[in-house]
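Participant: What follows is a predicted protein model with its sequence.
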Amino acid sequence: MTADASPQPTSPLLPRAARVFVAGHRGLVGSAVARRLAADGHEVVTRGREQLDLRDAARTEAFLCDVRPDAVVLAAARVGGIMANSTSPVQFLEDNLRIQLGVIAGAYAAGVPRLLFLGSSCIYPKLAEQPIREEALLTGPLEPTNEAYAIAKIAGITQVQSYRRQYGAAYISAMPTNLYGPGDNFDLATSHVLPALIRRFHEARESGAPRVVLWGTGTPRREFLHVDDVAAACALLLERYDGDAPVNIGCGEDLPISELASLVREVTDYRGEIAWDTGKPDGTPRKLLDVSRLTGLGFKPAVPLRDGIAATYAWWRSRPTP
Ligand SMILES: NC(=O)c1ccc[n+]([C@@H]2O[C@H](COP(=O)([O-])OP(=O)(O)OC[C@H]3O[C@@H](n4cnc5c(N)ncnc54)[C@H](OP(=O)(O)O)[C@@H]3O)[C@@H](O)[C@H]2O)c1
């Protein structure tokens, strides 16, 4: 095993037409990963939560022993925004720890040779140097509002590393930046910034509102990656990466929220004004991942932000109304 990534064309880490269990296949990330792996010719195995609650370790292990996949992608997690994270830290900690324990330990017990665990950029210290390198992990205090979630995810990284160190398992971890795309959550109470902006500008246009008021100053910078790009990165990592360290997944570029808001306004064809409620908090000034480890493997994002926003808007507008 090497700590550094290197393409392995002669001994692929993922066989052709591999059987891959994608845990969390109905989620934003899992659905994109499942689409991508199927398009690459792999056999994607899925189970809905109602068939298999991944917090149940015994049933998860039995399922994995039965199916015997060549690889597992762990994209199932209890995920939520600031409000949910700060009001239910017990569930964010315990559900994620239990899912990870069941899936990672179950995969090893079932003899699954390959596993990709997905974490998130919130595992890094609140004041990490920008752009954030993977080495920043565990070098400082976390953002308190999602500490329980982040600590569960850090435990998952350590679990993956421990299987590699103790048993030589080719298990790896990846940490995506802010993601968006078809399948995103547009519920304003729990959504992330991009779908929330799309919905607010769309509704403002529909209602003829003269302005949309957004929180903060618009100056914080954030990075966004389309889910098809994260899925491509996951496929690449499964094929080529066999290292101990987690790998950041991002596009390597950020933009101010004000610019993002202008892009969304254009895409949604909203002609009103954008106003900033500067009394509201801005959050951290910048959050950008260093993606040199991933680009060193040959990754290049393919979806320009404007196109991705337009596709996400089109998907949301065409969804069946509940
Ligand atoms: N979205 C982002 O911007 C982002 C950014 C960075 C990292 N990530 C990471 O990517 C991973 C997936 O996130 P996501 O945005 O795709 O989340 P998501 O859309 O909420 O999907 C999570 C999936 O996990 C499943 N799940 C949750 N608890 C389960 C359980 N007990 N048993 C079985 N299935 C369960 C859900 O099933 P149901 O469909 O039945 O609810 C859902 O399919 C997470 O680890 C997250 O940290 C996401």
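Facilitator: Thanks, I have it.
Participant: List the residues that contact Val160.
Facilitator: Ile104, Leu115, Phe117, Tyr171, Ile172, Ser173 (C-beta atoms under 8 Å, 6 or more residues apart in numbering). C-betas here are computed from N, CA, C, even on glycine.
Participant: Select from those the one having the most neighbours.
Facilitator: Using other C-beta atoms under 10 Å as the neighbour test, those are led by Ser173, with 29 neighbours.
Participant: Next, the closest residue to that one other than its chain neighbours: phi, psi?
Facilitator: Nearest non-adjacent residue to Ser173, counting by C-beta to C-beta, 6 or more residues apart in numbering: Pro246, 4.0 Å away. Main-chain dihedrals, Pro246, degrees, to the nearest 10: phi -70, psi 160.
Participant: Tell me the residues of the stretch 101-250 of the chain that contact the ligand?
Facilitator: For the stretch 101-250 of the chain, the residues in contact with the ligand (C-beta under 6 Å from any ligand atom) are Leu118, Ser120, Pro176, Asn178, Leu179, His192.
Participant: and the strand or helix carrying Val44, how far from the chain's centre?
Facilitator: Using DSSP states H and E, Val44 sits in strand 43-45. In terms of C-alpha atoms, centre = their mean, to the nearest Å, the centre of strand 43-45 is set 20 Å apart from its chain centre.
Participant: who does it pair up with?
Facilitator: In the sheet, strand 43-45 lines up against strand 19-23 (parallel) (DSSP bridges).
Participant: Quick one: mean pLDDT over the strand it pairs with.
Facilitator: Strand 19-23 comes out with an average pLDDT of 98.
Participant: following that strand, which helix or strand comes up?
Facilitator: Using DSSP H and E, the helix or strand that follows strand 19-23 in sequence is helix 28-39.
Participant: In stretch 68-83, which residues are buried?
Facilitator: 69-81 (16 or more other C-beta atoms under 10 Å).
Participant: which residues in this structure form strands?
Facilitator: According to DSSP state E, the chain carries its strands in the segments 19-23, 43-45, 71-74, 114-118, 170-176, 178-180, 211-215, 221-222, 224-226, 247-249, 255-256, 273-277, 286-287.
Participant: just so I know, which of those strands lies nearest Arg55?
Facilitator: strand 19-23 (11.5 Å; C-beta to C-beta).
Participant: List the contacts of the closest one.
Facilitator: By C-beta under 8 Å, 6+ apart, strand 19-23 touches 14, 30, 33-34, 37, 42-47, 54, 64, 67-76, 99, 103, 112, 238.
Participant: Can you confirm whether the worst-scoring helix or strand of the chain on mean pLDDT lies near the ligand?
Facilitator: Counting by mean pLDDT, DSSP states H and E, the chain has its least confident helix or strand at helix 82-87, which shows a mean of 82. No. Helix 82-87 does not reach the ligand (C-beta under 6 Å from any ligand atom); its nearest approach is 10.6 Å.
Participant: what residues does that helix touch?
Facilitator: Phe92, Thr145, Asn146, Ala148, Tyr149, Ala189, Thr190.
Participant: Most widely separated two among those residues?
Facilitator: Ala148 and Ala189 (19.6 Å).
Participant: Mind checking which of these two has more residues around it?
Facilitator: Ranked by neighbour count (other C-beta under 10 Å), Ala148 and Ala189 place Ala148 first, with 21 against 9.
Participant: Find me the pLDDT at that one, would you?
Facilitator: According to the prediction, Ala148 has pLDDT 96.
Participant: Please apply the same query to Ala3.
Facilitator: So, for Ala3, pLDDT stands at 40.
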